[in-house]
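*Asks:* mind folding the following:
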Amino acid sequence: MELTPLRELVFLLEEPSAKDLLKGLLPRIISPAWTVRYIVFEGKQALEKRMMVKLSTWLTPGTLFVILRDQDSGNCVEIKDGLAAKCLEAGKGDALVRIACRELESWVVGDLEAFAEEFSCPQASRRKRQRKFQQPDNLGSPVEELRKFVPSYQKRDGARRMGHLLNPESNRSVSFRVFCDGVRRIAR
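*Replies:* From the prediction side, this is the model:
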């Protein structure tokens, strides 16, 4: 009897809400044959400081890595290049590095239709055509935009509730679509 090789995807994340969102999203975009693990750091500084140790000491052969970090107010290209250089230095140059432009909540703003339904907030759906919501990755503070619709909106609760609803095909967040495409590509 031949053993099937372990297919493991490890996500290095800067915050718990990213894990919450991915737990709902990933089963819809990758095969259930993959074992998914999440390593959640306490902020972007902790991610950048400790990711090389995690990557360089990981012993399971064939493991694929995905690093996801918010852009916040930084330069997206510089952040991505810096993370990719750390992956290369740790011997994992094939790791997928993705940046959530501005912040993870841009991905939620990118699907205001799903947000409106989940949070019983029809005005969000009606406003999805407004210019500022056409490119959610350019919003200064996506979470504040969500709180204008639902003042009690919390990042973790929102991520848990929205992960299984976000549509990779119609989401207006380019960084979300690029993330989904990248994960699908490496998980083929």
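*Asks:* make it CA atoms for all contacts and neighbour counts henceforth
*Replies:* Fine.
*Asks:* now for residue 91: which residues touch it?
*Replies:* 55, 56 (CA atoms under 8 Å, 6 or more residues apart in numbering).
*Asks:* could you list the domains of this structure?
*Replies:* 10-103+170-186, 105-162 (automatic domain parsing).
*Asks:* can I get these in CSV with mean pLDDT?
*Replies:* Compiled in CSV, the domains of the chain are given as follows (pLDDT from 0 to 100):
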stretch, mean pLDDT
domain 10-103+170-186, 97
domain 105-162, 97
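*Asks:* how about the helices of this protein, start to end?
*Replies:* Ranges of helices in the chain, per DSSP state H, are 16-29, 44-57, 76-89, 105-109, 112-118, 122-127, 131-134, 142-149, 155-162, 174-186.
*Asks:* need the residues that contact the shortest one.
*Replies:* Right, helix 131-134. 109, 110, 127, 128, 139, 172.
*Asks:* how about the second one?
*Replies:* Outside of helix 44-57, the residues that reach it under the criterion CA under 8 Å, 6+ apart are 12-15, 41, 69-70, 83, 86-87, 89-92.
*Asks:* of the helices of the chain, which approaches residue 37 most closely?
*Replies:* Residue 37 lies closest, by CA to CA, to one member of the helices of the chain: helix 16-29, at 9.5 Å.
*Asks:* next, the buried residues of that closest one.
*Replies:* 16, 17, 18, 19, 20, 21, 22, 23, 24, 25, 26, 28 (16 or more other CA atoms under 10 Å).
*Asks:* which of the contacts of helix 44-57 lies closest to residue 105?
*Replies:* Ranked by distance to residue 105 (CA to CA), these are led by residue 70 at 9.6 Å.
*Asks:* make JSON lines out of the helices of the chain and add distance to residue 96.
*Replies:* Listed next are the helices of the chain as JSON lines, based on distance: least, CA to CA, whole Å:
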{"stretch": "helix 16-29", "distance to residue 96": "15"}
{"stretch": "helix 44-57", "distance to residue 96": "12"}
{"stretch": "helix 76-89", "distance to residue 96": "8"}
{"stretch": "helix 105-109", "distance to residue 96": "18"}
{"stretch": "helix 112-118", "distance to residue 96": "27"}
{"stretch": "helix 122-127", "distance to residue 96": "33"}
{"stretch": "helix 131-134", "distance to residue 96": "26"}
{"stretch": "helix 142-149", "distance to residue 96": "24"}
{"stretch": "helix 155-162", "distance to residue 96": "21"}
{"stretch": "helix 174-186", "distance to residue 96": "7"}
